[in-house]
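K.L.:
Got a sequence here, can you model it:
(2 chains, ligands or ions: 2)
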Amino acid sequence: MSLTTADRKPIELRLPRFALSNARWLSPVLLLLLWELGSRSGVIPPRILAAPSTVLGALWELTASGELPANLVVSLARAAAGLGIGLVVGTVLALVAGLSKVGETAVDPLMQIKRTIPSLALTPLFIVWFGIGEAPKITLIAVATVFPIYLNLFSGIRAVDVRLIEAARSFGLSQVQQIIHVILPGALPSFLVGLRYAMGVALLVLVVAEQINASAGLGHLINNARDFMRTDIIVVCLLVYAALGLAADLIVRSLEQHALAWRPSFIKS
Amino acid sequence: MPPSLARPIPETADRDAPAVRVRNFTRRFGQTVVLNDLNIDIGRGEFVALLGRSGSGKTTLLRTLAGLDSAGGQDVTTPATRAVVFQDARLLPWKRVWRNVALGLSGADARARAEAALEEVGLGHRLEVWPSTLSGGESQRASLARALVREPGLLLLDEPFAALDALTRIRMHDLVLSLWRKHAPAVLLVTHDVDEAISLADRVLVLDAGAIAAEEKITLPRPRESNAEFRAIRNRLLGHLGVEAPRAAPVEGALIAFPSGEIVA
Ligand SMILES: Nc1ncnc2c1ncn2[C@@H]1O[C@H](COP(=O)(O)OP(=O)(O)OP(=O)(O)O)[C@@H](O)[C@H]1O
Ligand SMILES: [Mg+2]
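P.N.:
Ligands and ions are numbered 1, 2, ... in the order given. From the prediction side, this is the model:
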C-alpha cells in the first residue's frame, strides 16, 4: 500500500537536510554529468554520441548561422499545413456525421475503414502519387491528423447532454441556435482533446515524413548530420523536436484554459 | 416548429378560452399506454398542480404541453410561449448566468431583460458567475428567471423543488407564488409533494391510469396554513393516490411547515 503525503510529513520534518529527496531534477542532471564525463574521458566516442557541451555548442552555432531557424521554419510550416488541413477536414466530417443521422451513415463507415490503415503505411503510395516534394509530407500529416480530430469531435457532439439540448428546445431555440449555443460548446472539451492528440500525431508523422528525401527542414538537417556522423547536430534536432512537442502541449493547455474557463477545475475560487 | 407539435393558440383566439386545452389525448410507448383518453383544461393565469404516482405519466404530459414531444396531431392547444423548469436546473455550464437567462432572446435589451429577471429571483449579484458555482437553490432560481424572462403564457414546472432542502423549498414556494402573481402565466406544477400542491395551487389534479382521476379546487386563502380543511384535502388526495392517510394528525412544527404528505414512490 502506498504512503499518503500525511504519512511522509513527519519524516521530512525530522530530516530537513534531506529535502533533496524531492529534487526531481537531480537524476537528469547526474546523467548529463556522467555523459559529459564519459565523453571527455573517451569512454563515449563522439561518433557514437557527442558530449552535452558539444551539443550546446552545435546548438549555438546552428542558431547563429541561421541554419537551424531556417530549417525549423520549413518543418513548422509542413506540420502546420498538414495539421491545418487535417483539422479542417476532420472538423467538417465530424460535424457532418455528428449533426445528422444521414451524415453519420455516409461518413462514419469510411472513417472507421480509414482508421484500420496505419497512416504511415500510406507513405509509399503518396510518394508514387505526389513524388518526393512537399506534397507527400503534408498529405501524410493531414491524413494522420484527420482521425483524432474527427473521432473526438464526433463523439463529443454525440455525448452532449440531451437534457441540455431539450432545455434549449423548450425555449424555442432553432436547430441552428441549438448547435451554436449547446452542441458545439458542449463538444469543445472533446475537440480540444482531439486537437492535443492530433498535434502529437502531426509531430510524429513529421519526423517520419521528413526522412523522405527532404531538401530542407529538421529531417534534412538530421540526414545531413547522419551522413557526416555529426551526432551533436542529430541530438540538437532531437531537442528541437522535443521542444516542439512541449510547445504544442502548452498551446492546447492555454487554449483549454481560455475556452473551458467555465469548467469547475479552471474556475479560480 | 413542426405542425404536429402542440398547436399554439392563434392570435385571434377567444379571450375566455383556456390557456391549455387537451381533449381525448392518448400517448403510447410501444405497447404501454401511458396517457389514455386524457382531458385537461388550464385557465389563463391559473395555477394547477399535478400529482400522481411515479410512472403515472406526469412528465409525459408535461413534455407534450411543452412541445418537446409531438402531440401526434391530437387535440392539444397551448399558448405559443411556453417555458419549462426542470428538476435539474439544466443551465448551460459554458454560459455565464445572465447569458443562460438571455438564451434565445433577441434584441438589444436581451441583457437588460435577463438582468431584471435575475434581479427578481434574487440573483442580481450573480449575473456574471458560471453556473457550476451556484448552489442547488440558486440554480433553480436562475432556471426560473430563464423561464419567466420569456413572459410565457404557460409555465411548466416538473418537480422543480424536489432536490432542494426543506427551508430552501419553502423560500422557493414563496418566490414562485410572487412571480406567478406578477407575471400571471398559467402554471402546471408537477410534484410528488401533496402539501406543496395544496399550498400553491388553485386546483390539484391527480393523474392515475392515464387520465385525471381526481380534482380538488383549493379555495383556502394564501398563505395557506395546515388547518383542518388543509388536512382534509390532503387526506382526500392521499386517498386518491392510494396512500393510507395518516391516522393521527401530524405534529405541527414552527420550522417544518410540511411535515408529511411527501409520497416516496
Ligand atoms: N421515452 C420513453 N420510452 C419508453 N417509455 C417511456 C418513455 N418515457 C416515459 N416512458 C414510460 O412512461 C411512463 C410514464 O413516465 P413519466 O416519466 O411520464 O412518469 P412520471 O409520472 O413523470 O414519473 P415520476 O414521478 O417518476 O417522474 C413510465 O412507465 C415510463 O417508463
Ligand atoms: Mg416525472
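
K.L.:
Not counting stretch B:17-30 itself, show me its contacts.
P.N.:
With contact meaning Cβ atoms under 8 Å, 6 or more residues apart in numbering or on different chains, stretch B:17-30 is reached by B:9, B:33-46, B:57, B:60-61, B:64-65, B:69, B:71, B:74-79, B:153-154, B:186, B:188, B:210. All C-beta atoms are positioned from the backbone trio N, CA, C, and that covers glycine.

K.L.:
Buried ones among the residues you listed?
P.N.:
Using 16 or more other Cβ atoms under 10 Å in any protein chain shown as the burial test, the contacts of stretch B:17-30 include B:9, B:34-35, B:38, B:40-42, B:44, B:46, B:57, B:60-61, B:64-65, B:69, B:71, B:74, B:76-79, B:153-154, B:186, B:188, B:210 as buried.

K.L.:
can you narrow the contacts of stretch B:17-30 to ones near ligand 1?
P.N.:
With Cβ under 6 Å from any ligand atom as the criterion, the contacts of stretch B:17-30 include B:V34, B:G57, B:T60 near ligand 1.

K.L.:
Report the secondary structure state of A:A187.
P.N.:
Classification of A:A187 using DSSP: H, G, I helix; E, B strand; the rest coil returns helix.

K.L.:
hang on, the earlier thing: which members of the contacts of stretch B:17-30 occur in strands, if any?
P.N.:
B:33-42, B:75-78, B:154, B:186, B:188 (DSSP state E).

K.L.:
do you know how far B:L68 is from B:T168?
P.N.:
Separation of B:L68 from B:T168 (Cβ to Cβ, to the nearest Å): 27 Å.

K.L.:
do the same with B:G72
P.N.:
38 Å.

K.L.:
For the stretch 101-250 of chain B, which segments are assigned as strands?
P.N.:
B:154-158, B:186-190, B:203-208, B:211-217 (DSSP state E, counting those that start in this stretch).

K.L.:
between the ones you listed, which gets nearest to A:G103?
P.N.:
strand B:154-158 (32.4 Å; Cβ to Cβ).

K.L.:
what's that closest one in contact with?
P.N.:
Outside strand B:154-158, the residues touching it (Cβ under 8 Å, 6+ apart) are B:19-20, B:42, B:58-59, B:62, B:65-66, B:78-79, B:81-87, B:147-148, B:176, B:180, B:185-191.

K.L.:
That strand: how far from the chain's middle?
P.N.:
Averaging C-alpha positions (Cα atoms, centre = their mean, to the nearest Å) puts strand B:154-158 4 Å from its chain's average.

K.L.:
Check stretch A:260-269 too.
P.N.:
On Cα atoms, centre = their mean, the centre of stretch A:260-269 falls 24 Å from the chain's centre.

K.L.:
circling back to that earlier point, got the strands of the stretch 101-250 of chain B as JSON lines, with distance to A:M229 and mean pLDDT columns?
P.N.:
Formatted as JSON lines, the strands of the stretch 101-250 of chain B follow (distance: least, Cβ to Cβ, whole Å; pLDDT from 0 to 100):
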{"stretch": "strand B:154-158", "distance to A:M229": "75", "mean pLDDT": "97"}
{"stretch": "strand B:186-190", "distance to A:M229": "79", "mean pLDDT": "98"}
{"stretch": "strand B:203-208", "distance to A:M229": "85", "mean pLDDT": "96"}
{"stretch": "strand B:211-217", "distance to A:M229": "90", "mean pLDDT": "95"}
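
K.L.:
Now tabulate those in TSV and tack on distance to A:L184.
P.N.:
Shown next, in TSV, are the strands of the stretch 101-250 of chain B (distance: least, Cβ to Cβ, whole Å):
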stretch	distance to A:L184
strand B:154-158	27
strand B:186-190	32
strand B:203-208	38
strand B:211-217	42
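
K.L.:
Give me the residue ranges of chain A where confidence is low.
P.N.:
Along chain A, the parts satisfying pLDDT under 70 run over A:1-19, A:269.

K.L.:
For the residue nearest to the spatial centre of it, identify the helix or strand it belongs to.
P.N.:
For chain A, the residue nearest the mean C-alpha position is A:G200 (2.1 Å; Cα atoms, centre = their mean). Taking DSSP states H and E as the definition, one finds A:G200 inside helix A:184-209.

K.L.:
could you say what helices and strands that helix packs with?
P.N.:
Applying 3 or more Cβ pairs under 8 Å, 6 or more residues apart in numbering or on different chains; DSSP states H and E, one finds that helix A:184-209 contacts helix A:67-99, helix A:134-158, helix A:218-227, helix A:231-259.

K.L.:
Now do the contacts for residue 209.
P.N.:
Answering for chain A, as no chain was given. Here A:A209 is in contact with A:R78, A:T123, A:P136, A:K137, A:L140, A:I141, A:G219 (criterion: Cβ under 8 Å, 6+ apart).

K.L.:
wrong one, I was asking about chain B
P.N.:
B:N36, B:S56.

K.L.:
mind checking how far it is from B:R63?
P.N.:
Counting by Cβ to Cβ, the gap from B:A209 to B:R63 is 19 Å.

K.L.:
Where does the prediction get shaky in chain B?
P.N.:
Ranges of chain B meeting pLDDT under 70: B:1-15, B:244-265.

K.L.:
where does it come near ligand 1, residue by residue?
P.N.:
Residues of chain B lying near ligand 1 by Cβ under 6 Å from any ligand atom: B:F29, B:V34, B:G52, B:S54, B:G55, B:S56, B:G57, B:K58, B:T59, B:T60.

K.L.:
run the last query once more with 8 Å
P.N.:
Proximity of chain B to ligand 1 (Cβ under 8 Å from any ligand atom) is limited to residues B:29-30, B:32, B:34, B:52-63, B:158-159, B:190, B:192, B:207, B:265.

K.L.:
Now restrict these to buried residues only.
P.N.:
The neighbour-count test (16+ other Cβ under 10 Å) marks B:34, B:52-53, B:56-63, B:158-159, B:190, B:192, B:207 as buried among these.

K.L.:
So the nearest residue to A:L76 once chain neighbours are set aside versus A:A209, what's the distance?
P.N.:
Nearest non-adjacent residue to A:L76, counting by Cβ to Cβ, 6 or more residues apart in numbering or on different chains: A:L244, 7.7 Å away. A:L244 is 14 Å from A:A209, where distance means Cβ to Cβ.

K.L.:
can you check B:L238 too?
P.N.:
If you go by Cβ to Cβ, the gap between B:L238 and A:A209 works out to 74 Å.

K.L.:
Tell me the residues of chain A that contact chain B?
P.N.:
A:163-164, A:166-173, A:177, A:181-182, A:185-186, A:188, A:260-264, A:267 (Cβ under 8 Å from any Cβ of the partner chain).

K.L.:
Take these and keep only those in helices.
P.N.:
A:R163, A:L164, A:E166, A:A167, A:A168, A:R169, A:S170, A:Q177, A:P185, A:G186, A:L188 (DSSP state H).

K.L.:
Distance-wise, check the first one relative to B:G210.
P.N.:
In this structure, A:R163 lies at 25 Å from B:G210, with Cβ to Cβ as the measure.

K.L.:
show me the contacts for the nearest residue to A:G219 once chain neighbours are set aside.
P.N.:
Nearest residue to A:G219, sequence neighbours excluded (Cβ to Cβ, 6+ apart): A:E210, at 2.3 Å. The contact partners of A:E210, taken as Cβ under 8 Å, 6+ apart, are A:S75, A:R78, A:K137, A:G217, A:L218, A:G219, A:H220, A:I222.

K.L.:
top of the residues you listed by neighbour count?
P.N.:
A:K137 (30 neighbours; other Cβ atoms under 10 Å in any protein chain shown).

K.L.:
just the helices in the stretch 101-250 of chain B please.
P.N.:
Ranges of helices within the stretch 101-250 of chain B are B:110-120, B:136-148, B:166-183, B:194-200, B:228-240, based on DSSP state H, counting those that start in this stretch.
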